[in-house]
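[1] give me a model of this one.
(chains A and B)
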Amino acid sequence: MVGHSLPRSIWLAGAFLGISTLVASAQQAAQPLPPGSALIGRPDSEAAQKLAPVAPPPLPAAPDKLPIAKLKVPAGFNIEVYAAGMANARSLAVGDKGTVFVGSRLVDKVYAIVNKDGKREVKVLASGLYRPNGVAFHNGTLYIAELSKISKIDNVESVLDNPPKPTVIYDDLPKDEAHGWKFIAVGPDNKLYVPVGQPGNNVLHDDAHGQIRRMNLDGTGAEVVALGVRNSVGFDWNPENKQMYFTDNGRDWMSEDVPQDELNRITKVGEDFGAPYCYQGDIPDPEFGWGHSCSEFTPPVGLMGPHAAALGFRFYTGGMFPKAYKNAIILARHGSWNRSKKFGGDVVVVKLDKEGKVKSIEPLITGFLDNNSYVGRPVDVLQLKDGSILVSDDWNGAVYRVSYGKSKVAAKQ
Amino acid sequence: MQKTTIALALLLIASSANSETIEERAATCFACHGEQGQSETENTPSLGGQQAPYALIQLFMFREKLRTFEPMNEVAKPMTDDDLRNFSDFIAKLPKPKPTADAPDPARMQRAQELTMKYHCNSCHHQDFSGGDNVPRIANQREDYLAKTLSEYKDNSRHGYDGTMADVMGPVTPEQIKDLAYFLARVH
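    Predicted structure coming up:
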């Protein structure tokens, strides 16, 4: 299956999951812990006691300090710096006229990469925002998702030189910091999709959390389309059948190798994907899984690796890459922190079988992870009109472009 | 803290931009943060031995008003990116603060130590609470500042760089915050 990109031991562990989970549960049961105790799954080894989230530097890397020489792509592909100097560059969206919009999470800005008179230039489109991670472009309008509100700028590509303050369209959202930042996108049904993560690593949450909602483009008519979602930071629609796929990040502190992050598919409104009762489709949570069975929930269509932080992805529909890439998923794995040997920190090509399930995972960009530390971290993927793709890197505050064939330099749009 | 100290400090900063060495410029910082970053000022953190990447992040956040405390926002306002880097590297090389000099209450120390395990404080901040990279040193920080800043993470009035500490503080009670601050100020 997806063997080559994961150490073999993980696949073996996966095979024996049923057993190992039972053992783990039995151990937990042997020493009763109060419900909600963070002791559950607490690491005891000294190595595990040094695990902590890694944060990118707040200042964008100078263009000559970008790790571009370390980034590897398969033969025939090229990678270049598309734009730099955007602190904490996160989600990507592209306008009809070719403007690329870039959100951020740890700073207060949304950037616009503008192509003007044959030159590419980075502008600050909006600032003073709170964790404006999500951006989506639709019919001339840019939608921006902050931690607890969604706003928009109409005709954004005509007002780049003098942008107005974004207008709020929806703010019926919790204010939790944990998993509060948002990826957003407009679906083929012309609705805006907005995730609301679980407000913590592993928590029994209320009705307002752990879900994906959709709403009309003016913020009215919000409804929940998916439940049991821990923290999704990426989704797109399969061009063949319009089904929505989304990544979901597995919980921390259970173990080094499980649970893996999920790639999920919504086939009907209101499906439940398991969190916090069941992870990766077959591991009942040691704390909350009691009284539940994984069979109650929709399993993922594929697993994206332990603590890998599978984030943004797009189905590839362009004409530039070889045929084998048609309708494949190009997906950014931000990389782990809750694991001794870091995993992920790459961009992969995920191919689906006839049933829409994951058939293979192959590398597209590697080299972000160097000697168990990050020189860059990919966040989101975006396809340009010419069929090349852009990848954002929040560690360096940069966007890279991957093309195939002779043309090494981005066409000036 | 007296208004005059602040005014004086800010005046010094305004006049010190270019010509002086980082040591000379740091005199203004020491006015509040204590000689060599060993704070004797109420609710003001010691800076000595702080992790440089953490200090850089915080100075950046003060400059961009992502973390708000007006005197610090003023201090950081004129700083260039290089200033941020130089001050954080400088801070990291100052001596680390010493434990509060009193005889700690063993029962309270024990109780708090268990909390640091329960809430993984000793994982992210390392077992000796010296931190690493973006995770700050919290060992032997001032007790009043620790209690204040932990409460502010809990009620979201201190916005962290990311949501990590807000997430951690969710289940921690006000009583436990007091014990944790007591313990961290005295831990050896």
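[2] residue A:151 sits in which helix or strand?
    strand A:150-153 (DSSP states H and E).
[3] oh, I was asking about residue B:115
    helix B:106-118.
[4] does any part of whichever helix or strand comes after that helix sit near chain A?
    The C-terminal neighbour of helix B:106-118 among helices and strands, as given by DSSP H and E, is helix B:121-124. Yes. Contact between helix B:121-124 and chain A, assessed by CB under 8 Å from any CB of the partner chain, occurs at B:122, B:123, B:124. The way it works is simple: take the backbone N, C-alpha and C, and place the C-beta from them, glycine included.
[5] most neighbours among those residues, please name it.
    For the residues of helix B:121-124 next to chain A, the largest number of neighbours (other CB atoms under 10 Å in any protein chain shown) sits with residue B:124, at 23 neighbours.
[6] wait, what's in contact with it?
    The contact partners of residue B:124, taken as CB atoms under 8 Å, 6 or more residues apart in numbering or on different chains, are A:51, A:52, A:53, B:135, B:164.
[7] so where's chain B uncertain?
    B:1-19 (pLDDT under 70).
[8] one step back: okay, the contacts of residue B:124 in JSON lines with distance to residue A:264, secondary structure and neighbour count next?
    Converted to JSON lines, the contacts of residue B:124 look like this (distance: CB to CB, whole Å; DSSP: H, G, I helix; E, B strand; the rest coil; neighbours: other CB atoms under 10 Å in any protein chain shown):
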{"residue": "A:51", "distance to residue A:264": "26", "secondary structure": "coil", "neighbour count": "20"}
{"residue": "A:52", "distance to residue A:264": "28", "secondary structure": "coil", "neighbour count": "19"}
{"residue": "A:53", "distance to residue A:264": "24", "secondary structure": "coil", "neighbour count": "16"}
{"residue": "B:135", "distance to residue A:264": "32", "secondary structure": "strand", "neighbour count": "23"}
{"residue": "B:164", "distance to residue A:264": "25", "secondary structure": "helix", "neighbour count": "18"}
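[9] quick one: list the elements packing against the host helix or strand of residue B:144.
    In the assignment (DSSP H and E), residue B:144 maps to helix B:143-154. With contacts defined as 3 or more CB pairs under 8 Å, 6 or more residues apart in numbering or on different chains; DSSP states H and E, the packing partners of helix B:143-154 are helix B:164-169, helix B:174-186.
[10] the inter-axis angle of the longest one versus helix B:106-118?
    To tie it back to what came earlier, the one meant is helix B:174-186. Helix B:174-186 and helix B:106-118 are oriented at 100 degrees to each other (axes from the mean of the first three to the mean of the last three CA atoms, to 10 degrees).
[11] interface residues of the stretch 151-300 of chain A facing chain B?
    So the stretch 151-300 of chain A meets chain B at A:175, A:176, A:177, A:178, A:179, A:180, A:181, A:199, A:200, A:201, A:253 (CB under 8 Å from any CB).
[12] how many other residues sit next to the first one?
    Other residues near residue A:175 come to 13 when the count uses other CB under 10 Å.
[13] try the third one
    Counted with other CB under 10 Å, residues neighbouring residue A:177 total 22.
[14] which residues touch it?
    By CB under 8 Å, 6+ apart, the neighbours of residue A:177 are A:147, B:156, B:159, B:160, B:162, B:163, B:166, B:167.
[15] now do the helix or strand containing residue B:72: distance to the chain's middle.
    Assessed by DSSP H and E, residue B:72 sits inside helix B:70-76. With CA atoms, centre = their mean, to the nearest Å as the basis, helix B:70-76 stands 15 Å off its chain's centre.
[16] and that helix, what does it pack onto?
    helix B:3-15, helix B:22-33, helix B:52-63.
[17] just to revisit the earlier point, select, out of the helices and strands packed on helix B:143-154, the one closest to chain A.
    helix B:164-169 (3.6 Å; CB to the nearest CB).
[18] quick check, that closest one touching chain A?
    Yes. Helix B:164-169 is in contact with chain A by CB under 8 Å from any CB, via B:164, B:166, B:167.
[19] next one: that helix to chain centre, how far?
    Taking the mean of its C-alpha atoms, helix B:164-169 sits 16 Å from the chain's own mean (CA atoms, centre = their mean).
[20] packing partners of it?
    Helix B:164-169 packs on helix B:143-154, going by 3+ CB pairs under 8 Å, 6+ apart.
[21] in the stretch 101-250 of chain A, which residue sits nearest chain B?
    Counting by CB to the nearest CB, the stretch 101-250 of chain A gets nearest chain B through residue A:177, at 3.2 Å.
[22] shouldn't that residue be within a strand?
    No. Residue A:177: not assigned to a strand; according to DSSP: H, G, I helix; E, B strand; the rest coil it is coil.
[23] backbone dihedrals for it, both of them.
    Backbone torsions of residue A:177, given as degrees, to the nearest 10, read phi -70, psi -40.
[24] and for residue B:91?
    phi -60, psi -40.
[25] that one against residue B:45, yeah?
    No. Residue B:91 lies out of contact with residue B:45 (CB atoms under 8 Å); the separation is 10.5 Å.
[26] where are the low-confidence patches of the stretch 1-150 of chain A?
    Checking the stretch 1-150 of chain A against pLDDT under 70 turns up A:1-50.
[27] list the contacts of the spatially most central residue of chain B.
    Relative to the mean C-alpha position of chain B, the nearest C-alpha, by CA atoms, centre = their mean, is the one of residue B:45, at 4.3 Å. If you count contacts by CB under 8 Å, 6+ apart, residue B:45 has them with B:33, B:39, B:141, B:142, B:145, B:149.
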